[in-house]
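Undergrad: Predicted structure and sequence below. I'll ask about it afterward.
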Amino acid sequence: MELLENEIELVEKLCERLLLEKAKKPNTRLNILEIGCGSGKLAIHLNEVTGGKVTAIDPVHERIVTAKQKAQTSEVAFGVQSAEKLDFADESFDVVVSLKALHEMTNLWDTLQESLRVLKAGGIFFAIDWIGGVARTRSHSHAKKYFAMESKAHATKYFTMKRLEDELSKAGFAKVNVEANKECELMLAEGEKT
């Protein structure tokens, strides 16, 4: 897989946790939703590592076209869709994941609420994203989004580990945990639907 160097550590942790979830349900395939899938690299990787059925969405049609061209399996389905208004039934997925896309969501609150809605009871939400304020994020063309995301309940704030932990808790996720990679530029957040 074509992971960037700064993604490897946390994607490996994500995969370890998904394999633990899979072990809890030995004769069942994980049903995984990736929101903001971009070129599809994480969705394809998660299918290869877990053997799960992966559905990946992105609001940009061109990204979905690219992702479909990369996929060598029918076990990964790609579609054009917004994470803020998902077109899936309640409790459809065991896991919802996001790789460096959460900061791109126009409305974080709606994205988290929709993710919670489509998760089954006991399902887990995972997001790997930038820690706002680190020097490296300032060079991105859309860096202002790392520093100025909007939520339903709060004015503009930095997208910090604490903020993401608070937002997940406010959205209704339990057992919320957020950890940084060794370089402290990316974080892995998780929360469970009870």
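TA: Good, I have the coordinates. This is a predicted model, so every value here is computed, not measured.
Undergrad: May I have the phi/psi pair for residue 126?
TA: Dihedral angles of residue 126 (phi, psi; degrees, to the nearest 10) stand at phi -130, psi 140.
Undergrad: Might you report the residue contacts of it?
TA: For residue 126, the residues meeting the contact criterion (Cβ atoms under 8 Å, 6 or more residues apart in numbering) are 14, 17, 95-98, 188-190. Using the backbone N, CA and C atoms, a C-beta is placed for each residue, glycine as well.
Undergrad: Restricted to buried residues, select these in ChimeraX.
TA: Selection of the buried residues among the contacts of residue 126 in ChimeraX, burial being defined by 16 or more other Cβ atoms under 10 Å:
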select :14,95,96,97,98,188,189,190
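Undergrad: May I see the contacts of residue 126 arranged in JSON lines, with secondary structure, distance to residue 159 and pLDDT as well?
TA: Below are the contacts of residue 126 laid out as JSON lines (DSSP: H, G, I helix; E, B strand; the rest coil; distance: Cβ to Cβ, whole Å; pLDDT from 0 to 100):
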{"residue": "14", "secondary structure": "helix", "distance to residue 159": "19", "pLDDT": "98"}
{"residue": "17", "secondary structure": "helix", "distance to residue 159": "22", "pLDDT": "97"}
{"residue": "95", "secondary structure": "strand", "distance to residue 159": "22", "pLDDT": "98"}
{"residue": "96", "secondary structure": "strand", "distance to residue 159": "18", "pLDDT": "98"}
{"residue": "97", "secondary structure": "strand", "distance to residue 159": "18", "pLDDT": "98"}
{"residue": "98", "secondary structure": "strand", "distance to residue 159": "13", "pLDDT": "98"}
{"residue": "188", "secondary structure": "strand", "distance to residue 159": "14", "pLDDT": "97"}
{"residue": "189", "secondary structure": "strand", "distance to residue 159": "11", "pLDDT": "97"}
{"residue": "190", "secondary structure": "strand", "distance to residue 159": "16", "pLDDT": "98"}
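Undergrad: tell me the secondary structure for the residue nearest to residue 86 when sequence neighbours are not counted?
TA: Once its chain neighbours are removed from consideration, residue 86 has its nearest residue in residue 114; the separation is 4.6 Å (Cβ to Cβ, 6 or more residues apart in numbering). Under the three-state scheme (DSSP: H, G, I helix; E, B strand; the rest coil), the conformation of residue 114 reads as helix.
Undergrad: What number of residues are in the vicinity of residue 114?
TA: Counted by other Cβ atoms under 10 Å, the residues lying close to residue 114 total 23.
Undergrad: now the one 3 residues further on
TA: Neighbour count for residue 117, taken as other Cβ under 10 Å: 16.
Undergrad: Checking my notes, it in a helix, right?
TA: Yes. Judged by three-state DSSP, residue 117 forms part of a helix.
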